[in-house]
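**Student:** Next comes the sequence, and after it the predicted model I'd like to discuss.
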Amino acid sequence: MLEITYPNIKKIVILSIFITILFSCKSDDSAIVPGVIIDYELNLTSELANLGVGMYVTITKSPKNKEFSVIDYHNPKFSTKTIAQRTNGNGIIIYRKDFYDYQVFDLTCTYRSFEDYCQLKVDSKNNYIFVCPCCGSEFIVTADGMPTNTSKAYKPLMQYVARIEGNMLIISNE
């Protein structure tokens, strides 16, 4: 017959707490959006010349030629520019946070991204918010791509690496 004593109960409780903590604190390393190759080299004095601090642009596929992309400032003062670089996936948002600090986000909603793969659109009332036409989630580009508290999405926008080399902004997912 098995005898349960106080020291054995204490060991069982401690072991069960340890196992619970071990499995509940597992990090979520799953992909936020479907992976695409991101590889841009953009000239800071021509292609991004009008991108001031606190501003953003989107880069999406050209509707006329899949080998080209369109840079849109979402500002009537600046016309869109076509560049000879290919856009994979839904495109990107480049936000100039500070003089030498550029943040680059994927233009794909993080809610059900593998099923819906929805391309975000600029909100008509607040142009620093990007809205998902599929689920209605909203993301704030000036707040590191975080979703609003009313969004179905709970993960921020996928962010890519951006670095300055000479007169070029290099963007990649490596």
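**Tutor:** Received, thanks. Residues are numbered from 1 along each chain as shown.

**Student:** is it true that Glu115 lies in a strand?
**Tutor:** No: secondary structure of Glu115 (DSSP: H, G, I helix; E, B strand; the rest coil): helix, not part of a strand.

**Student:** Count residues in the vicinity of it, would you?
**Tutor:** Residues near Glu115, counting by other Cβ atoms under 10 Å, number 8. Quick note: C-beta positions are derived from backbone N, CA and C, even for glycine.

**Student:** who's in contact with it?
**Tutor:** Glu115 makes no contacts at all, as judged by Cβ atoms under 8 Å, 6 or more residues apart in numbering.

**Student:** And it, how close does it get to Gly166?
**Tutor:** Per Cβ to Cβ, to the nearest Å, Glu115 is found 41 Å from Gly166.

**Student:** shaky segments in this protein?
**Tutor:** 1-30 (pLDDT under 70).

**Student:** any idea how far Val57 lies from Asn50?
**Tutor:** Val57 sits 8 Å away from Asn50, going by Cβ to Cβ.

**Student:** Neighbour count for those two, which is higher?
**Tutor:** The residue with more neighbours, out of Val57 and Asn50, is Val57; 23 against 14, by other Cβ under 10 Å.

**Student:** helix/strand/coil for the more buried one?
**Tutor:** strand.

**Student:** just checking, it touches Ser79?
**Tutor:** No: Val57 is not in contact with Ser79 according to Cβ atoms under 8 Å; the separation is 11.9 Å.

**Student:** Touching both of Val57 and Asn50, which residues are there?
**Tutor:** Counting by Cβ under 8 Å, 6+ apart, the residues touching both Val57 and Asn50 are Tyr73.

**Student:** residues near Ala162, how many?
**Tutor:** Neighbours of Ala162 using other Cβ under 10 Å come to 20.
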